[in-house]
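Trainee: Sequence and predicted model, in that order:
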Amino acid sequence: MPRDINSALLKCQEYAKIGYELADNGCKAIMETLEKERKRVAVTEQRQARLKRGEWSNAEILKRQKRELEKFTQETKQLQRDLERLHESQKEFTVLVFGRTMVGKSTLMEILTHGEGKSIGNGTQRTTRDVRDYHWNGLKVIDVPGIASFDGKEDDDLALAAAKSADLIMFLISDDGVQAEEAKHLASLLSIGKPVLGLINIKVGVADEPRPIDIKRIAKKMGENERIDAICNQFRAYASEYEQNWNDLTFVRTHLKAAYIGQDKNEDLWHLSNFEAVEDYLLEKVEKDGAFLRIKTFADNIAQPMQVRLEDIVASSSENLMLGLEFRRKCNDLHKWKDGFIEKTQNKFDSFMNRLEKKVNNGIYDFAERNYANENAGEAWKEYLKRDIDIEGECKRFIQEINKDFKRKQRELMDDMQSDLHYAGVSIPTGDIAGEGVIDTQSLAQIGLAIATILGPVGWVAGGIGLLLTFLFESKEEKIQKQKKALRDKLEEAMGEVVPKIGDKVLEVLNDKILNKGVNGLLKTLDERDDMMMELADEESSMAYEMAGELTAQNAYLWQEAEEYLGLSSNKIYNIAKVPGKCIYAFGQKKYSKDDLNALSKLLLGMGDLNYKQIKEEEKDKPYFVETARELFMNNIEVDSIDYGEDGKIYVYNVPDFKIDDLRNKWEYSVIQQIEPLPVM
């Protein structure tokens, strides 16, 4: 029967205190980074408020970040509550029994609790409706609803939630056919860092009063080594679907129904069930590693949220970086367009002035032909300018034509940006970037007023010409021709000064309204937004560094506890990344033997690969993380830098052959972000 493990359990209680302090410090670190991020968002909001209306509205981005902050704040508060509950129950080492419906979980619990068997043999009826706690040999054993049950996801979530607080998982399968759903849940358990002990229930019918034929059938089935090994290997093969390695997953065979019937009643049947091996298997694990597993339970409960938060911050930094770069690209595009726009506008202006001068000159000739004897020629000329030549209209139409060219480019740029941002998964209102209209009704009215002011004196200088040209001895025809020429000369002289002034006014409007307010204003807006997004990305990258530092400290502490637990000399760990169920990447000063690394791997990781690299003291500041990143991504990754502002610089991972969303789903991404958190592009 079970051995006495009281001394091991007392040691577990002592180690649980260490684990709680470690997890509590990690939780405080998360709250500190949350507070820093709130302050940074508040600073950005203040900067946003100082921008003029129409220059840029960053409200949607800030709202989104504030929503994410609030969401994670609530999750962190829940984490604190979970840690407190875990702290309250820290005296108990917890084993959780996990398995699909009808695999024999209820029978297992009846054996452990010496029950009366009321829950056994209910067919397809669900027998475990909630999470139940039992005690066996000083251990707390938790029974949860069977996975893949008729109540589906609700029960699965309940079981996985309970698993997070367990120190050890007993994962139960049966020999009547393994299922993909079971493998999926094992992968989930390993991905939250849980150590797993496997059991395989050999199902053979047996009466409550066993007959000799029952005994023979059980003995035969229990001895079918090749068949049972094949079933276990078939189950282990599912690991590749989750990029995990289950080669070290051991299954102890047992006949649970025989164990239940035989305990305290039929010693032969009890021994035949092999349940003693199950007990030894479990208790030996508790005696050997239980104390360390208690620390690990607390550490894992905080490490995963820290890792998730770290990757969330990096993702936000990457998104803001891409947003800033998109504004930069559009700004550069607009700069290039601006040079051509100025040249084309100058050519159009020259053509416009030539047309205007020609139209004025033709108008002067036409007006003089009909008004050479008009004593009110000045007033008539003003009316003629307004009605027939329409200088004001010509100017307004030309300015509107140039404005349309700019607005066309503006819309094209905004549409392209909206499309590119949508493709990048970013949704913001680019309409605000466009700003207000640069040429409006009021602007055109001011142009008309300015032209009217310029044309004001022209009418008076033309007046009275008919009276000055009455010379003696000349024929009437000669007098008329001289009067016409005199009027033309006078008007040409006056308009020769006026037309350039009108041209200057048109240029003034083009420069002030379209070029400065329009083109240069949009360039300034895009440039400011580029800088602001880059600064936000850089600040978030710095926060990610802080979080990664805290996570490294947590993992390094756990590593050092494992060394002490195994009786190894201590090491100086420079950096460490852990992906539960997958791998550990560690960089330290010490050189380990292969056996020592295997022992550390078993204790810290359970199943997975431990990758350790010795870093000499003089090499600790070298960018070993770049080499690691290249190894993980088959040289398809580089570390680049992006300049912004006057002296700003932000470092990034450049992974050209991966889509960002696909990249974030890879375990390699989690490793490089823990070692050296950088935005990705």
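Mentor: Structure received.

Trainee: now the strand or helix carrying residue 307, how far from the centre of its chain.
Mentor: Using DSSP states H and E, residue 307 maps to helix 275-371. Centroid separation between helix 275-371 and its chain, computed with C-alpha atoms, centre = their mean, to the nearest Å, is 12 Å.

Trainee: Renumber starting at 43 from here on
Mentor: Got it, the first residue is 43 from now on, which makes the last one we talked about helix 317-413.

Trainee: what mean pLDDT does that helix have?
Mentor: Helix 317-413 shows a mean pLDDT of 88.

Trainee: name the helices or strands packed onto the following helix or strand past that helix?
Mentor: Counting by DSSP H and E, the next helix or strand C-terminal to helix 317-413 is helix 419-426. Judged by 3 or more C-beta pairs under 8 Å, 6 or more residues apart in numbering; DSSP states H and E, the packing partners of helix 419-426 are helix 317-413, helix 500-503. Backbone N, C-alpha and C define where each C-beta goes, glycine included.

Trainee: Could you give me the buried positions within the next helix or strand after helix 419-426?
Mentor: Remark: after helix 419-426, the chain's next helix or strand is helix 433-465, criterion DSSP H and E. Using 16 or more other C-beta atoms under 10 Å as the burial criterion, the residues of helix 433-465 that qualify are 433-434, 436-438, 440-441, 444-445, 448-449, 451-452, 455-456, 459-460, 463.

Trainee: And for stretch 517-528?
Mentor: Here stretch 517-528 shows 521, 525-526, 528 as buried, counting by 16+ other C-beta under 10 Å.

Trainee: Just the residues you listed: which are in strands?
Mentor: Assigned to strands by DSSP state E, none of the buried residues of stretch 517-528 qualify.

Trainee: can you pull out the strands in this protein?
Mentor: Counting by DSSP E, the strands of the chain are 136-141, 174-178, 181-185, 210-216, 238-243, 293-296, 615-621, 625-630, 651-656, 680-686, 690-696.

Trainee: Could I get the buried residue list for the second one?
Mentor: Applying a neighbour-count criterion of 16+ other C-beta under 10 Å, one finds 176, 178 buried in strand 174-178.

Trainee: how far off strand 136-141 does that strand point, in degrees?
Mentor: With axes from the mean of the first three to the mean of the last three C-alpha atoms, to 10 degrees applied, the angle from strand 174-178 to strand 136-141 works out at 120 degrees.

Trainee: Got the domain ranges for the chain?
Mentor: The chain resolves into domains spanning 48-353, 360-574, 584-717 when parsed by automatic domain parsing.

Trainee: who touches residue 675 in this structure?
Mentor: Going by C-beta atoms under 8 Å, 6 or more residues apart in numbering, residue 675 touches 697, 700, 710.

Trainee: Over to residue 457?
Mentor: By C-beta under 8 Å, 6+ apart, residue 457 has no neighbours at all.

Trainee: Please tell me how far it sits from residue 560.
Mentor: 17 Å (C-beta to C-beta, to the nearest Å).

Trainee: remind me which residues of the stretch 93-242 of the chain are low pLDDT?
Mentor: Low-confidence segments of the stretch 93-242 of the chain (pLDDT under 70): 93-108, 110-111, 114, 117, 121, 127-132, 157-171, 190-198.

Trainee: hang on, the earlier thing: distance to residue 723 added to the domains of the chain, as TSV?
Mentor: Shown next, in TSV, are the domains of the chain (distance: least, C-beta to C-beta, whole Å):
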stretch	distance to residue 723
domain 48-353	16
domain 360-574	6
domain 584-717	5
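
Trainee: Residue 601 against residue 615, yeah?
Mentor: Yes - Residue 601 is within contact range of residue 615, at 5.6 Å (criterion: C-beta atoms under 8 Å).

Trainee: shared neighbours of these two, anything?
Mentor: With C-beta under 8 Å, 6+ apart as the test, residue 601 and residue 615 both reach residue 628.

Trainee: of all the helices and strands packed on helix 419-426, which lies closest to residue 486?
Mentor: With distances scored as C-beta to C-beta, the stretch of the helices and strands packed on helix 419-426 nearest to residue 486 is helix 317-413 (16.0 Å).

Trainee: ok and that closest one relative to strand 690-696, angle-wise?
Mentor: With the same axes, to 10 degrees defining the directions, helix 317-413 sits at 120 degrees from strand 690-696.

Trainee: could you check the angle strand 615-621 makes with the helix holding residue 349?
Mentor: 90 degrees.

Trainee: quick revisit: okay, the strands of the chain, which one's buried deepest?
Mentor: Among the strands of the chain, ranked by average contacts under mean count of other C-beta atoms under 10 Å, first place goes to strand 136-141 (a mean of 25).

Trainee: Contacts for that strand, please.
Mentor: The contact list for strand 136-141, computed with C-beta under 8 Å, 6+ apart, reads 147, 150-151, 181-186, 188-189, 201, 204-205, 207-215, 224, 227, 231, 324, 339.

Trainee: how about the closest residue to residue 318 other than its chain neighbours, what does it touch?
Mentor: Nearest residue to residue 318, sequence neighbours excluded (C-beta to C-beta, 6 or more residues apart in numbering): residue 312, at 7.6 Å. Each residue near residue 312 by C-beta under 8 Å, 6+ apart is listed here: 300-301, 304-305, 318.

Trainee: among the residues you listed, who's most crowded?
Mentor: Most neighbours among those, by other C-beta atoms under 10 Å: residue 300, with 28 neighbours.
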